[in-house]
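Asker: Structure of the sequence below:
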Amino acid sequence: MRLWVCIALLSTVLCASAQRPRVFQGAVRAGQFVRDAAGGAWDMLRAYRDMREANYIGADKYFHARGNYDAARRGPGGAWAARVISDARENWQSGVSGRGAEDTRLDQEANAWGRSGGDPNRYRPKGLPSKY
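Answerer: This is a model prediction of the structure:
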């Protein structure tokens, strides 16, 4: 009888401890997503700063694609951050800047191209310094 009680208790302990890794793995995945999202936001900010520093006519699509590309390479959290930031920026700019719907559409195309893993150099204008 004692053997069966010990086996039952041991089984209960093993089953209970077997559930903990799933919860722990979920917390780790959530933490990774948040870390990727923060890194993706940083990548987007870095691309924006480079675009402002370069001040090169016709290079905005390249920097849009590059920021989204760098952010998406971090993982799902980075891709999410890139999409949220890009959409918010385009929604805000479409109401403020006078560049029109066509420019917004082309910016979103460059954003999606970068997020999907496309080479940002597709949008790189000739003459842009190699620093960027």
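Asker: Would you map the helices across this protein?
Answerer: 2-54, 60-72, 76-96, 100-115 (DSSP state H).
Asker: quick one: least confident helix or strand in this protein?
Answerer: helix 2-54 (a mean of 81; mean pLDDT, DSSP states H and E).
Asker: hmm, back to that, turn the helices of the chain into JSON lines, columns for distance to Y132 and mean neighbour count.
Answerer: For glycine as for every other residue, the C-beta is placed from the backbone atoms N, C-alpha and C. JSON lines is the format used below for those (distance: least, Cβ to Cβ, whole Å; neighbours: other Cβ atoms under 10 Å):
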{"stretch": "helix 2-54", "distance to Y132": "5", "mean neighbour count": "13"}
{"stretch": "helix 60-72", "distance to Y132": "8", "mean neighbour count": "26"}
{"stretch": "helix 76-96", "distance to Y132": "18", "mean neighbour count": "17"}
{"stretch": "helix 100-115", "distance to Y132": "14", "mean neighbour count": "17"}
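Asker: Of these, which is nearest N121?
Answerer: Nearest to N121, of all the helices of the chain, is helix 60-72, at 7.5 Å by Cβ to Cβ.
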